[in-house]
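1. What follows is a predicted structure for the sequence shown.
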Amino acid sequence: MRIGMMVGEGSGAAPELAGLVERGRAAEAAGLDSAWIANIALDGMTAATVLGASTSKIEIGTAVMPTYTRHPAAMVQQAASTQLACGGRFSLGIGLAHKFMVENAWGMSYAKPAKHMREYLEILMPLLHGQAVKHEKDQYQVNLQPPPGDAPTSVLVAALGPIMLRLTGELADGTITWATGLNTLTDHIVPELAAGAARSGRATPRVVAGFPVMVTNQPEKARAIAAKVFSVYAQIPSYRAMLDREGAKGVEDLAIVGDENLVRSQISRLESAGVTDLCAFPFEVEAGDADRTTQFLSSCR
């Protein structure tokens, strides 16, 4: 299993670039495989470009860029530019965002999300793999040439429901999840994704699973802190549905916290379930917990 970490705002970090770059460089120095950047206050791909110029080996990914606010042509252009800045190490995570954001904040229709994503991927995927696209359907009508650059960009879709998971397996390179526990990954995420891939004859998709992780001898205190840090996610309908499926009150119930043996065991169980990548969301009970956890995670690769 490949192991990376969230270096952006997803774990409650302040929306500033200096700390993001510092965490990304620390992840690379520790030998982790990937660094992930949320698109919250900071633009995720802009931050990825900055981190790409400050590192040399680690994969850099967005988790995730919303599709509704970027025309596919704009997403492709920015992704290709980010890929150049990252020297071929960039992976593009995209997602629909959430109905309340699309409709209430952005003033757009969320009436046909699966149709929107299908057409989006039908345009995005070939362009990011060097192919011209002429597309004339309900959502988009485009005639586009691929951007410059030799490195194809891998695309991961934040997918949770069965329709979106099968669509992702059919058209994209994999999924990136959050607020999904071991049972949900085993019985729902991985099988539905694989079914979509099998339908189109694609390779086994990548599954990047996000979890709060901390090596600690104070697991109860760690979960109490995780409940505060990640409390907002339990109120978002799509995440709430995954938590209910798992029988979890909140993300804190899914957190991988405990001593080295427990954490290593939980990571092994995720790998057995079909998870290809762990994206650890670091947090702390005491100063230094995140650094110690990062160093330990490197030894689990």
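-> Nice, thanks for sending it over.

2. Longest strand in the protein, by number of residues?
-> Secondary structure of the chain per DSSP state E: the longest strand is strand 206-215.

3. List the buried residues of that one.
-> In terms of neighbour count (16 or more other Cβ atoms under 10 Å), strand 206-215 has its buried residues at 206-215. In short, each C-beta sits where N, CA and C put it, glycine included.

4. Considering those residues, which is situated nearest to Ala280?
-> Within those, the smallest distance to Ala280 is 3.9 Å, found for Val213 (Cβ to Cβ).

5. The residue nearest to the closest one when sequence neighbours are not counted: neighbouring residues, count only.
-> The shortest distance from Val213 to any non-neighbouring residue, by Cβ to Cβ, 6 or more residues apart in numbering, is to Ala280 (3.9 Å). Other residues near Ala280 number 28, with proximity taken as other Cβ atoms under 10 Å.

6. quick one: the helices in the stretch 151-300 of the chain?
-> For the stretch 151-300 of the chain, the helices defined by DSSP state H, counting those that start in this stretch occupy 162-171, 182-184, 190-200, 219-229, 237-246, 260-273, 289-299.

7. tell me what the fourth one is packed against?
-> I take that to be helix 219-229. Here helix 219-229 is seen to pack against strand 206-215, strand 256-258 when contacts are counted using 3 or more Cβ pairs under 8 Å, 6 or more residues apart in numbering; DSSP states H and E.

8. what about 7 Å?
-> Here helix 219-229 is seen to pack against strand 256-258 when contacts are counted using 3 or more Cβ pairs under 7 Å, 6 or more residues apart in numbering; DSSP states H and E.

9. Doesn't Gly93 belong to a strand?
-> Yes: applying DSSP: H, G, I helix; E, B strand; the rest coil, one finds Gly93 inside a strand.

10. Kindly state the beta-bridge partners for it.
-> With DSSP bridges applied, Gly93 shows beta-bridge pairing to Leu156.

11. what's it in contact with, if anything?
-> Going by Cβ atoms under 7 Å, 6 or more residues apart in numbering, Gly93 touches 61-65, 156, 158, 176.

12. Which ones among those residues map onto strands?
-> 61-62, 65, 156, 176.

13. Is there a quick ChimeraX command that grabs whichever of the residues you listed are buried?
-> Here the buried members of the ones in strands among the contacts of Gly93 are turned into a ChimeraX selection, burial being counted by 16+ other Cβ under 10 Å:
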select :61,62,65,156,176
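
14. which one of the ones in strands among the contacts of Gly93 sits closest to Gly87?
-> The shortest distance between Gly87 and any of the ones in strands among the contacts of Gly93, using Cβ to Cβ, involves Gly61 and amounts to 14.2 Å.

15. Am I right that that closest one is in contact with Asp33?
-> No: applying Cβ atoms under 7 Å as the test, Gly61 and Asp33 come out as separate, 10.4 Å apart.

16. What residues are bridge-paired with Met65?
-> Residues in a beta bridge with Met65, per DSSP bridges, are Ile94.

17. returning to that earlier point: pLDDT and distance to Glu9 added to the contacts of Gly93, as CSV?
-> Putting those into CSV (pLDDT from 0 to 100; distance: Cβ to Cβ, whole Å) gives the following:
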residue, pLDDT, distance to Glu9
Gly61, 98, 14
Thr62, 98, 12
Ala63, 98, 10
Val64, 98, 13
Met65, 98, 14
Leu156, 98, 18
Ala158, 98, 16
Ile176, 98, 16
